[in-house]
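**Student:** Model the structure of this input:
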Amino acid sequence: MNRLRLIFGVLALLSVGCKRHRAAQETPPLPVETVQAIGDNIPHRMRFIGTLASQFDAVVQPRVNGYLLSIDYESGTTVRKGQLLFTIDPAQLSTSMLEAQASLESARAQLAEARNNYERAVPLAEIDAISTAQLDQYTATYKAAEATVRSTEQALRSAEMNVGYTELRSPIDGIAAHTAAHAGDYVGPNTQFDVLTTVSNIDTLTVDVAIPMAEYLKAAGRDTPVYDNGKLLSDIRLTLSDGTVYPYAGRYAYTRKDIASTTGTLVLVVSFPNPGQRLKPGEFARVDASVGPSRQVIVVPSRCVNQTQDVNSVWVIRPDSTVAYRRVTTGDTYGENWCIEEGLAAGEWVVLSGSQKLRNGTKVAPKKP
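**Tutor:** From the prediction side, this is the model:
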């Protein structure tokens, strides 16, 4: 009796299994969108974080000592080349200039007298009316007077230049920084105000781009001179702190001479034009650039890649229209696409959307674009 019950139980289980198998066979394939993985030459994009800096700063230093009479600009404003920035009280220097003018007039008068004496002495010496020694004396006095005039003329030019130095003008177009000096302060060389301000040129701004040496050598190769990087960077783009992409592309400027020993990075300087003065020195900058030559990679749309706990995967369509779960190693993103470093071959079809209910071996109905 028990043996019959066991036989009937096995038959019942086989019947249920057959029904489930038939049901599975009768389940319609899941519709999914698919896309083909393609091989493409993609530039190696790198992202760098930095701050914008002016291309160069002009230091405004007084050449003469004196009391600051006025500050003729507003801090942080745009100034033009030749614009008056500071005025030093010229009174003392003007007095020196007047003294030099008086000395020059006196020297010229003495020169005129010496010239006359010399010119009268020459014919007298020819008829032996005066001795040769007397003529030599008149000649020496005349030459000394000429030298005195040249010396006093130079002293006057120097005094006039010093008076001109009391007006400090901007050497370039740019933004003038705040000055610590105030009207009435004693300024000039060897004082606490030997630098009054700086003017920053902002027609072009720069960003330091630090590339790890390992990445640099991989992109440039060991045969490339470390300071010849004009062809290393391309398609240089700047993203501002508000997320907007700056409309003007950057360009490579130069390579800094030292390699940072603490971080092992090589610093390249890139520049961006600033025609509308939209960019400001010190502003946050995110720079994206293509580094080195393009490389062959497998590319799929980003929607194909599933990310779970740092594991990236895709669903691959088999020839029999079933799917297989496969882990992949991702690289850079390129627009709306993702570069696949390992795990996928060019020409394979992967699921683009509709993967929520997929399991290994699930029958699907691919919808190709």
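**Student:** Tell me the helix or strand right after the worst-scoring helix or strand of the chain on mean pLDDT.
**Tutor:** Lowest by mean pLDDT, DSSP states H and E among the helices and strands of the chain is helix 2-26, with a mean of 53. Using DSSP states H and E, the helix or strand that follows helix 2-26 in sequence is strand 30-36.
**Student:** So for the helix or strand just after that following strand, what gets flagged as buried?
**Tutor:** Sequence-wise, the next helix or strand downstream of strand 30-36 (DSSP H and E) is strand 38-42. Using 16 or more other CB atoms under 10 Å as the burial criterion, the residues of strand 38-42 that qualify are I42. (Glycine included, C-beta is placed from N, CA and C.)
**Student:** and strand 38-42, which strands flank it?
**Tutor:** strand 295-301 (antiparallel) (DSSP bridges).
**Student:** Next SSE downstream of the partner strand?
**Tutor:** strand 306-308.
**Student:** what's that following strand in contact with?
**Tutor:** The contact list for strand 306-308 (CB atoms under 8 Å, 6 or more residues apart in numbering) reads N312, S313, V314, W315, S355.
**Student:** same check, this time on stretch 75-83
**Tutor:** Applying CB under 8 Å, 6+ apart, the external contacts of stretch 75-83 come out as 73, 85, 169-179, 197, 199, 277.
**Student:** Could you give me the buried positions within that stretch?
**Tutor:** V79.
**Student:** How about stretch 247-262?
**Tutor:** Buried residues in stretch 247-262 (16+ other CB under 10 Å): G250, Y252, A253, T255.
**Student:** Burial check on Q296, number of neighbours?
**Tutor:** Residues lying near Q296 (other CB atoms under 10 Å) number 9.
**Student:** Revised request: answer the last question for S106.
**Tutor:** Count around S106 with other CB under 10 Å applied: 13.
**Student:** G66: what's its closest spatial neighbour, skipping adjacent residues?
**Tutor:** With sequence-adjacent residues excluded and distances taken as CB to CB, 6 or more residues apart in numbering, G66 is closest to I88, at 4.1 Å.
**Student:** Tell me how many other residues crowd that neighbour.
**Tutor:** Neighbours of I88 (other CB under 10 Å): 26.
**Student:** same question, T132
**Tutor:** Neighbours of T132 (other CB under 10 Å): 9.
**Student:** Find the nearest non-adjacent residue to it, please.
**Tutor:** Looking at T132 with CB to CB, 6+ apart, the closest residue is A125, at 6.6 Å.
**Student:** Name the helix or strand for the one you found, please.
**Tutor:** Counting by DSSP H and E, A125 is part of helix 91-126.
**Student:** following that helix, which helix or strand shows up next?
**Tutor:** Taking DSSP H and E, what comes next after helix 91-126 is helix 132-164.
**Student:** That following helix to helix 91-126, inter-axis angle?
**Tutor:** Angle between the axes of helix 132-164 and helix 91-126 is 160 degrees (criterion: axes from the mean of the first three to the mean of the last three CA atoms, to 10 degrees).
**Student:** Could you list every helix and strand that helix 132-164 packs against?
**Tutor:** helix 91-126 (3 or more CB pairs under 8 Å, 6 or more residues apart in numbering; DSSP states H and E).
**Student:** Sketch out the low-pLDDT regions of the stretch 251-369 of the chain for me.
**Tutor:** By pLDDT under 70, the weakly predicted segments of the stretch 251-369 of the chain are 260-262, 369.
**Student:** still on that earlier bit, distance check, the residue nearest to G66 against A181.
**Tutor:** Using CB to CB, to the nearest Å, I88 is found at 10 Å from A181.
**Student:** ditto for D288
**Tutor:** Using CB to CB, we find D288 at a distance of 43 Å from A181.
**Student:** what about those two, which has more around it?
**Tutor:** The residue with more neighbours, out of D288 and A181, is A181; 18 against 15, by other CB under 10 Å.
**Student:** Can I take it that that one is in a helix?
**Tutor:** No - assigned with DSSP: H, G, I helix; E, B strand; the rest coil, A181 falls outside any helix and is coil.
**Student:** Find the nearest non-adjacent residue to T139, please.
**Tutor:** Closest to T139 by CB to CB, 6+ apart is Y118, at 6.0 Å.
**Student:** tell me, what's touching I88 and A181 both at once?
**Tutor:** Contact with both I88 and A181 is made by residues L68, V187, according to CB under 8 Å, 6+ apart.
**Student:** what residues are up against the closest residue to L232 other than its chain neighbours?
**Tutor:** For L232, ignoring the flanking residues on the chain, the nearest one in space by CB to CB, 6+ apart is A220 at 5.5 Å. A220 is in contact with N229, L232, G292, counting by CB under 8 Å, 6+ apart.
**Student:** distance of A220 from V226?
**Tutor:** Counting by CB to CB - A220 and V226 are separated by 8 Å.
**Student:** ok, back up a step: show me which parts of the helix holding A125 are buried, residue by residue.
**Tutor:** By neighbour count on 16+ other CB under 10 Å, the buried set for helix 91-126 is 92-93, 96-97, 100, 103-104, 107, 110-111, 114, 118, 121, 125.
**Student:** Going by distance to L266, which of these wins?
**Tutor:** For those, the residue nearest L266 by CB to CB is L93; the value is 50.4 Å.
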